[in-house]
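> give me coordinates for this.
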Amino acid sequence: MAIEKSMLNYDESLQQNVAGNTHKVLYLNPETLEIMAVDYVTPPFVLGVDSLKTANMTAEGINVPYIIVEKDFNDSITQDLVTSFQREIAYKVLEENYKQAQLNLMAESDDYDEYLTKDTMLKKQYFTVKKQISTSTAPLLLDLRLV
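Sure thing, here's the model as predicted:
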């Protein structure tokens, strides 16, 4: 399965310059972990379950595992490496969902006591999901929503 640039919503106006970038995105075959495609990128990175934004690229609709490594990385890709990177993505998505859920609590609560009760429940759910991420071998398959 090959990744098409059009599938990634790749912005052609931001031409990739291998020499000017510090990292590369490796799009992997989910079964064999073979590298199917490479994009050279520059931080900052905004990671999503099926999206990625960098200083020079936006990719959406990613439906294969991907990892970001330094541009000079040439080691073999192991399942542990992929799982570790997916955990990093899951933690970032969970953090964003937690921040949004906290803002929603403030708007939805009628008084401070109600807010504290709901906030305590939210924190319990947050820590439960965070613990699941730390032990999961497929962290992006977990429900990372905090609703």
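> longest helix in the protein, please.
helix 79-108 (DSSP state H).
> after that helix comes which helix or strand?
helix 112-135 (DSSP states H and E).
> circling back: now for the longest helix of the chain, which elements pack on it?
strand 46-47, strand 66-70, helix 112-135 (3 or more Cβ pairs under 8 Å, 6 or more residues apart in numbering; DSSP states H and E). (Each C-beta comes from the backbone N, C-alpha and C, glycine too.)
> how far off centre is it?
How far helix 79-108 lies from its chain's middle: 8 Å, per Cα atoms, centre = their mean, to the nearest Å.
> pLDDT on that helix, on average?
Average pLDDT, helix 79-108: 94.
> what do you get for stretch 37-57?
91.
> off-centre distance for it?
Distance of stretch 37-57 from its chain centroid, counting by Cα atoms, centre = their mean, is 10 Å.
> got the buried residues for it?
37, 39-42, 45, 47, 52, 54, 56-57 (16 or more other Cβ atoms under 10 Å).
> re the thing from before, of all the helices and strands packed on helix 79-108, which lies closest to residue 22?
Closest to residue 22 of the helices and strands packed on helix 79-108, according to Cβ to Cβ: strand 66-70, at 6.9 Å.
> other SSEs contacting the closest one?
With contacts taken as 3+ Cβ pairs under 8 Å, 6+ apart, strand 66-70 sits against strand 23-28, helix 79-108.
> okay, these, which one's buried deepest?
Neighbour counts (mean count of other Cβ atoms under 10 Å) averaged over each of the helices and strands packed on strand 66-70 peak at strand 23-28, with a mean of 20.
> after that one, next one along is what?
strand 35-41.
> using CSV, write down the CA coordinates of that next one.
Coordinates of each C-alpha in strand 35-41 appear next as CSV, following Å, rounded to 0.1, in the frame of the first residue of the first chain:
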residue,chain,number,x,y,z
ILE,A,35,8.9,2.4,4.7
MET,A,36,6.4,3.3,2.0
ALA,A,37,7.0,7.0,1.7
VAL,A,38,9.2,9.7,3.2
ASP,A,39,8.6,13.4,3.8
TYR,A,40,11.4,15.7,5.0
VAL,A,41,10.1,18.2,7.6
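> sweet, I'm off.
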